[in-house]
Structures are given as C-alpha cells and as structure tokens.
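Visitor: What would the 3D arrangement of this be:
(one chain, ligands or ions: 1)
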Amino acid sequence: MDTMHALLAVQDLDTQGDQLRHRRAHLPERARLDEVVTELAVVEAAGASTTAERDDLARRQADLEAELAEIERRMGDLDRRMRSGTITAPRDLQAMAAQIDAMKRRRSDLEDAELEIMEAIDPLEATIAELQDRWAGLDREAAELRVTVAAAERTIDAELAGVVEARHAGAESVPTALLATYERLRQRLGGVGAAPLVGASCGGCHLTLSAGALDRIRRLPPDEVATCEQCGRILVP
Ligand SMILES: [Zn+2]
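Guide: Down below sits the predicted model:
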C-alpha cells in the first residue's frame, strides 16, 4: 500500500472510531435510563411529601385518641363518684351531671374530628401505595437498563480497541509530517482530513473539481500531496 492509501486507511479507521464513540455516547438505553432516574427522583419526592402528610395526620389522630381516652377515664371517675352515694348535696350532683354532659359533647366533637382525619388518611394511603408500585417498576427498569447499557458499552469498547490498534499500526506507514497535517485538517473539518478523489469529485466535500485542478493533481509528482481546492482536505487520487 502506498503512503496516500495508507493515509486513507487511517482515515477510515478514524471514522470508524468516531462512529463507535458517538454510538457509545448516544445509546438510546442510556437516554431512557436518564429519564427513568429523573422519574425515580420525582416519584421519591412525591412519596416523601405524601408520607409526611399521612404521618402528620396519624399523629393528630393519636393525639385525639389520647384525649378521648382521657375523657372516658374522667367520665368513668365522675360516674363512679356519683353512684357511690358519698355525694349527697343535689347541687354537687347537678354540677357533676353538667360536667359529664360537657364531656360527652367534647367526646362527640373529638370523634367527629377523628373520623374526618381517618377519611383524609385513606386516599393518602392509596397514593403512597401507588407511588411505591411506580417506584418499584421504575427501579426494575433502571436495573435492566444499566445491564443493557453496560453490555452495549463492553461490545463497543472491544470493537473500538480493535479499531484503535489497527489505526496505530496503519499510522506507522504514514510520514509524520503528513499525519500531522491530516490530524489538523481532521480536527478542523468534522473528522475528515483525507478523502479519495471519486471520478472528478472530492470524496470529502463531494464537490466536482475544475478541469484545471484535476489536471494539476494528475501532474503532481508522486511525493507531492494534493488538496481539494474547495474544502482543503488531502485528496488521494
Ligand atoms: Zn473537497
């Protein structure tokens, strides 16, 4: 293989390497994984705030139940004292009966409040269960995607290692100065620094060369490097 065709082979391998790196960076499974991770965070945040809301109501319910128990206890005490026969003054008995009536009203209010809280808790429990299901589903999907992404990366990395090795070996047949020019052009011109002449067209920019340019290229001594007059890439006749 002559120098110029060795350079074209390097270009081919560089293009293959670029494509593999691009494919590795843009795996659709990784894009989906990013989405799933974002969704997981959203579901987790929603779960945390709903759970906090539920816990707050549960604490209020426990407070109400404690107060209800205390009222029951005091009502029982009063009832026992009234029935004990030790209190005989009608005024005292009347006052105690009024206290019991007041406590019954308070008890009824507390029971209503507790019922209201229990009714508010029910839908929150349902939401929490639903969020937990969604979280579990997303977590499973994320785990599967991580496995798929890792496998795809391994496959690409193996292929890339072969391409990089072949590229290094191929570059040994290209003179250093030419390789440096090629690298510079490749960097500046979207990854393509050298292109074959295809008929009368540049394989890099696909424009047709003028008859004069073609003629000049054909007459170049073999150690001279031709370039495309349109794009400036190294042109290999
Ligand atoms: Zn060109």
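
Visitor: near the ion, which residues of the protein?
Guide: Applying CB under 5 Å from the ion, one finds that the chain approaches the ion through 202, 204-205, 228, 230-231. Every residue, glycine included, has its C-beta placed from N, CA and C.

Visitor: Sort out for me which of these are in strands.
Guide: Cross-referencing the residues of the chain next to the ion against strands under DSSP state E gives Cys202.

Visitor: which intervals of this structure have sub-threshold pLDDT?
Guide: Across the chain, residues meeting the criterion (pLDDT under 70) sit at 1.

Visitor: Let's verify Leu197: helix, strand, or coil?
Guide: In three-state terms, and counting by DSSP: H, G, I helix; E, B strand; the rest coil, Leu197 is strand.

Visitor: Of the residues of the chain next to the ion, which pair is most distant in space?
Guide: Farthest apart among the residues of the chain next to the ion by CB to CB are Gly204 and Gln230. That separation is 8.6 Å.

Visitor: more neighbours, these two?
Guide: Gly204 (25 against 17; other CB atoms under 10 Å).

Visitor: Name the nearest residue to the more buried one, ignoring sequence neighbours.
Guide: Ala195 (3.3 Å; CB to CB, 6 or more residues apart in numbering).

Visitor: who touches the one you found in this structure?
Guide: 8, 11, 202-205, 228, 233-236 (CB atoms under 8 Å, 6 or more residues apart in numbering).

Visitor: Okay, and which of these map to helices?
Guide: Residues from the contacts of Ala195 lying in helices, with DSSP state H as the criterion: 8, 11.

Visitor: Let me have the contacts of Ala195 in JSON lines, extended by distance to Ala151.
Guide: Converted to JSON lines, the contacts of Ala195 look like this (distance: CB to CB, whole Å):
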{"residue": "Leu8", "distance to Ala151": "33"}
{"residue": "Gln11", "distance to Ala151": "30"}
{"residue": "Cys202", "distance to Ala151": "40"}
{"residue": "Gly203", "distance to Ala151": "35"}
{"residue": "Gly204", "distance to Ala151": "35"}
{"residue": "Cys205", "distance to Ala151": "38"}
{"residue": "Cys228", "distance to Ala151": "41"}
{"residue": "Arg233", "distance to Ala151": "37"}
{"residue": "Ile234", "distance to Ala151": "38"}
{"residue": "Leu235", "distance to Ala151": "41"}
{"residue": "Val236", "distance to Ala151": "38"}
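
Visitor: closest to Asp139 among the contacts of Ala195?
Guide: Of these, the one sitting nearest to Asp139 (CB to CB) turns out to be Gln11, at 45.0 Å.

Visitor: what's the nearest residue to the closest one if we skip its chain neighbours?
Guide: Ala194 (4.6 Å).

Visitor: Leaving out chain neighbours, which residue sits closest to Val164?
Guide: Excluding the flanking residues, the one nearest Val164 by CB to CB, 6+ apart is Gly17, at 6.3 Å.

Visitor: That should have said Leu220, apologies.
Guide: Ala226 (5.6 Å).

Visitor: give me every residue that touches the one you found.
Guide: 197, 216-217, 220, 234-237.

Visitor: Highest neighbour count among these?
Guide: Result: Leu235 is most packed of the contacts of Ala226 (other CB under 10 Å), 25 neighbours.

Visitor: Identify the bridge partners of that residue.
Guide: Ala195, Ala226 (DSSP bridges).

Visitor: Leu197 is in contact with that one, correct?
Guide: Yes - the pair Leu235 / Leu197 is scored as a contact, 5.3 Å apart, by CB atoms under 8 Å.

Visitor: Name the residues contacting each of those two.
Guide: Joint contacts of Leu235 and Leu197 (CB under 8 Å, 6+ apart) are 203, 217, 226.
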